[in-house]
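**Student:** Just need the structure, nothing else, for what follows:
(one chain, ligands or ions: 1)
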Amino acid sequence: MILEIDNVELWFKDKRILHGIYLKAKKGEVTGILGSNGSGKSCLLKIIFGHLTPKYKLIRIDNKPITKAFYKTKLVAYLPQQHFFPKNLKIKKLFKFLKVDWQEFSSLFSGFSKYHNSKINKLSGGEQRVIETYLVLKGPHKIVLLDEPFSHLSPHYIECFINLINTIKSSKIIILTDHIYQHIINISDKLYLLENGYSREINDLEDLKFYKYVSENTIL
Ligand SMILES: Nc1ncnc2c1ncn2[C@@H]1O[C@H](COP(=O)(O)OP(=O)(O)OP(=O)(O)O)[C@@H](O)[C@H]1O
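**Tutor:** Residues are numbered from 1 along each chain as shown. As a prediction, the model looks like this:
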């Protein structure tokens, strides 16, 4: 399965945010998107998911254009930057409803076994993020979009997710963005940088210096 995003043009009033975008993401690969603050990473993920409508966009799956909002195809799951599960819902119900195995989760994330019967709002912000990210990754969707999955997590949980992503990527298209760029670089099979409205495919990490995403003396 190949997902292509092409010809995106996004404006907010007279401010053009995105205009030269081409992204290709394949099943079996992790596709990373880097970019400075305000470069349009979240907007691009929202456009792909179908929550934000730009002036133009073209989304193709295996060369076939998707003409309706992508989320309506039920192919795609999206982790937004903000918490999105109802606060009063019990965690065990969430796992049951989404048909995700609690035992498998609690053996990977051992500190969470005590929360099976808790409501989501009893967890810290980072703990809620662990649950959300896990459910989005382990749900039935073939395409997963992750907006800053690592930013609020402690190193051990980041490692757990990196292992999980490497395990499940053979069956999914995974597109993710984060400011913890070393993790994105390490985990990605394909890397893009959003810069000045364009997507730049990064094949040589030194290009991240050329585009001033990192400074000249950064060790990559
Ligand atoms: N609803 C909106 N109305 C007007 N401008 C917006 C809106 N949403 C986003 N923008 C602008 O679009 C640009 C890109 O925003 P976006 O959130 O996609 O950036 P980002 O790369 O995800 O940034 P960050 O890394 O800081 O989260 C920003 O300049 C932002 O101000």
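
**Student:** how about the strands of this structure, start to end?
**Tutor:** Taking DSSP state E, the strands of the chain run over residues 2-12, 15-26, 30-35, 56-61, 64-65, 76-79, 143-147, 173-177, 190-195, 198-201.

**Student:** Just send those strands back as TSV, with mean neighbour count too.
**Tutor:** Every C-beta, even on glycine, is put in place using the N, C-alpha and C of the backbone. As requested, these are arranged in TSV below (neighbours: other C-beta atoms under 10 Å):
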stretch	mean neighbour count
strand 2-12	17
strand 15-26	17
strand 30-35	24
strand 56-61	17
strand 64-65	9
strand 76-79	22
strand 143-147	23
strand 173-177	25
strand 190-195	22
strand 198-201	18
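
**Student:** Ok, which of these comes nearest Ser113?
**Tutor:** If you check each of the strands of the chain against Ser113 by C-beta to C-beta, strand 76-79 wins as the nearest, at 22.8 Å.

**Student:** circling back: now tabulate the strands of the chain in JSON lines and tack on distance to Val136 and mean pLDDT.
**Tutor:** Output for those, formatted as JSON lines (distance: least, C-beta to C-beta, whole Å; pLDDT from 0 to 100):
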{"stretch": "strand 2-12", "distance to Val136": "16", "mean pLDDT": "97"}
{"stretch": "strand 15-26", "distance to Val136": "16", "mean pLDDT": "97"}
{"stretch": "strand 30-35", "distance to Val136": "14", "mean pLDDT": "98"}
{"stretch": "strand 56-61", "distance to Val136": "19", "mean pLDDT": "97"}
{"stretch": "strand 64-65", "distance to Val136": "24", "mean pLDDT": "96"}
{"stretch": "strand 76-79", "distance to Val136": "5", "mean pLDDT": "97"}
{"stretch": "strand 143-147", "distance to Val136": "6", "mean pLDDT": "98"}
{"stretch": "strand 173-177", "distance to Val136": "10", "mean pLDDT": "98"}
{"stretch": "strand 190-195", "distance to Val136": "20", "mean pLDDT": "98"}
{"stretch": "strand 198-201", "distance to Val136": "23", "mean pLDDT": "98"}
